[in-house]
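**Q** got a structure for you, letters missing:
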C-alpha cells in the first residue's frame, strides 16, 4: 500500500489550538484525490454535432448576436405610417380624378344622414351630460388637431 500523501493544513500546534477552540476535530473542505470517491462510470461518449466541425458550420444562422436589431423609434414609425397613409390617399384621389369618377363638388359635401335614431339620441345624451375630462392620449396627440 502506498504511503498516504500529506495534505495541506496548518502547523501541528495551530491545528491542536483550532481543534480545542472548535471543540471537535476540524474537517477540511479541501478535496484531495485520495479522499474523494473513485469515478466508477466511464467517460461520456457524446456524438459529434454540427458545431464540432471547423467548416460547414451553420453557427451563423443561430448566432443570437445577429438577431439583435436597433431599437424602434415609435414617434418616427408613427410619422412614417401617417405619411404613407396620406400618400396613399393622395394617390387614390389622383387616380379617381384621372378616371373621371371624382364628384363634382370635390367630395366636400355633407356626409349621408344615418337613419338610426338611437345613435342620434345617444349623441344628444352625451352632449347634455356634464363635460368629461379628456383622455391623456387625446390631449397629447401626435397627429395634431382633427
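**A** Okay, I see it. On a predicted model such as this, the values are computed, not experimentally measured, just so you know. Numbers count the residues shown, from 1 in each chain.

**Q** can you tell me how far residue 99 sits from residue 93?
**A** 11 Å (Cβ to Cβ, to the nearest Å). Yep, even glycine has a C-beta here, placed from its N, CA and C like the rest.

**Q** hmm, I was thinking of residue 27
**A** For residue 27, the distance to residue 93 equals 89 Å [Cβ to Cβ].

**Q** and the two? which has more neighbours close in?
**A** residue 93 (13 against 7; other Cβ atoms under 10 Å).

**Q** And stretch 17-34, what's buried?
**A** The neighbour-count check on stretch 17-34 (16 or more other Cβ atoms under 10 Å) flags nothing as buried.

**Q** Verify the stated contact: residue 15 with residue 26.
**A** Yes - using Cβ atoms under 8 Å, residue 15 is in contact with residue 26, at 7.3 Å.

**Q** helix, strand or coil for the closest residue to residue 32 other than its chain neighbours?
**A** Leaving aside its chain neighbours, residue 32 sits nearest to residue 7 (5.3 Å; criterion: Cβ to Cβ, 6 or more residues apart in numbering). Look at residue 7: counting by DSSP: H, G, I helix; E, B strand; the rest coil, its state is coil.
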